[in-house]
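Undergrad: Got a predicted structure here, sequence first:
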Amino acid sequence: MATPTGELDQDQVREFLERVAGDGAAAFAALATSIGARLGLYEAMAGAGALTSGQLAERTGLAERYVREWLAVQVAGEYVRRDPAADTYVLPDEHAAVLADPSAPTYFVGAFRMLKPLYAVEDDLMRAYRTGEGVGWDEHGPELYEGTADFFRPGYVGMLTQEWLPALDGVVAKLERGARVADVGCGFGVSTLLMAQAFPNSRFHGFDYHAHSIGAARREAEKQGLRDRVMFDVAPAAEFPGSGYDLVAFFDCLHDLGDPGAAFRRSRETLAEDGTVLAVEPNASAEPSELVGPIGRAFAATSATLCLPGAVAQHGPQALGNHPGEAALREIAAEAGLRSWRLATESMTNRVYEIRP
């Protein structure tokens, strides 16, 4: 380490130390958040009013001493409120919307469920940083795939059919009449099945190279009674089968590909004459200084530990990370023959692009 050349501003050192200590505390507390979600503690507290640690332990079938210690973490993080006089704890309804209700668009627990599998490959990531190799999606544990689905589901439930698809020119009318849709990089099929529920006259085909995810998607389609018009198959983004698609969609996955240009070319080849390509991508700047803040920081962190290593592992011509910027994506699309590009809509977390030949 280089020796400082001047006298340090100790106030700035203390200020930065407090910030880093806060990050460390949040990292430790994140494990308790994940445990609480997986054990149903937040759900048990939601709408229950004031509970003692014993009552919460009884509701969940857990050991009271551990529940009491877990509650201390929640109080310290201001997730849960405590009445010392009554020795009770309350999860406010507003907090329950974030921690306890998977159907709420504000549910954020999926992010915490992704931490265990990401930390588990820390040594692999260090090796990748030294060698320039990748860490593939299929090298992670199953908790990552489940956590990713949980992470994206609330946003898709709240935005996909209500805002994103209506922002595309003429697409909803086609879906209502009956259209053919390819959902590329579909993962557990959350986006595919939401569209199928909303548009019963259309047929949907989800593709992903990851067999475990396709298996989970098929089971969910069966559970929802949608197998008659929703199919899931293992296929890479550059080689998915079919033709005459009215819509080819990429939900939060284009940047994960080692060759997004090949995926765009295959999309153009399979589109119907007046078909549309939809790309939903993180709303994150390519300029690092513009990523300051919780959302931008989360994107940057997952890019460095998940998205970029996964793309590198595919040995393609590009490894974009999740914040390449609109200009880079637009250029790749144009080179693939998709030259009509429009920002259809955006939110704090996503940008939705309508793309055509």
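TA: Okay, I see it.
Undergrad: Tell me the secondary structure at Thr33.
TA: When classified by DSSP: H, G, I helix; E, B strand; the rest coil, Thr33 comes out as helix.
Undergrad: cool, the one 4 residues further on as well?
TA: Following three-state DSSP, we place Ala37 in the helix state.
Undergrad: For it, which residues are in contact?
TA: In this structure, Ala37 makes contact with Leu99, Val109, Phe112, Arg113, judged by C-beta atoms under 8 Å, 6 or more residues apart in numbering. To be clear about C-beta, it is placed using only N, CA and C from the backbone, and glycine gets the same treatment.
Undergrad: JSON lines for those, including distance to Ala279, neighbour count and pLDDT?
TA: Listed next are the contacts of Ala37 as JSON lines, based on distance: C-beta to C-beta, whole Å; neighbours: other C-beta atoms under 10 Å; pLDDT from 0 to 100:
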{"residue": "Leu99", "distance to Ala279": "31", "neighbour count": "25", "pLDDT": "97"}
{"residue": "Val109", "distance to Ala279": "27", "neighbour count": "21", "pLDDT": "92"}
{"residue": "Phe112", "distance to Ala279": "27", "neighbour count": "22", "pLDDT": "93"}
{"residue": "Arg113", "distance to Ala279": "26", "neighbour count": "20", "pLDDT": "91"}
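Undergrad: Check the burial of the spatially closest residue to Leu175 that is not a sequence neighbour by counting its neighbours.
TA: Excluding the flanking residues, the one nearest Leu175 by C-beta to C-beta, 6 or more residues apart in numbering is Phe199, at 4.1 Å. By the criterion of other C-beta atoms under 10 Å, Phe199 has 21 neighbours.
Undergrad: pLDDT wise, what is Phe199 at?
TA: Phe199 is assigned 98 on the pLDDT scale.
Undergrad: which residues touch it?
TA: Leu175, Glu176, Ala179.
Undergrad: ok, now Leu168?
TA: Thr276, Leu278, Ala344, Glu354.
Undergrad: Report the beta-bridge partners for the first one.
TA: According to DSSP bridges, the partner residues bridging Thr276 are Leu247.
Undergrad: That one is in contact with Val352, isn't it?
TA: No - Thr276 is beyond contact range of Val352, at 11.5 Å (criterion: C-beta atoms under 8 Å).
Undergrad: Trp341: helix or strand, and which one exactly?
TA: Element membership of Trp341 [criterion: DSSP states H and E] is strand 340-346.
Undergrad: Could you do Gly242 as well?
TA: With DSSP H and E as the test, Gly242 turns up in no helix or strand.
Undergrad: cool, and Arg351?
TA: Arg351 belongs to strand 350-356 when assigned by DSSP H and E.
Undergrad: picking up where we left off before, dump the contacts of Leu168 into JSON lines; add distance to Ala25, neighbour count and pLDDT as well.
TA: Shown next, in JSON lines, are these (distance: C-beta to C-beta, whole Å; neighbours: other C-beta under 10 Å; pLDDT from 0 to 100):
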{"residue": "Thr276", "distance to Ala25": "46", "neighbour count": "25", "pLDDT": "98"}
{"residue": "Leu278", "distance to Ala25": "40", "neighbour count": "24", "pLDDT": "98"}
{"residue": "Ala344", "distance to Ala25": "40", "neighbour count": "21", "pLDDT": "98"}
{"residue": "Glu354", "distance to Ala25": "43", "neighbour count": "19", "pLDDT": "98"}
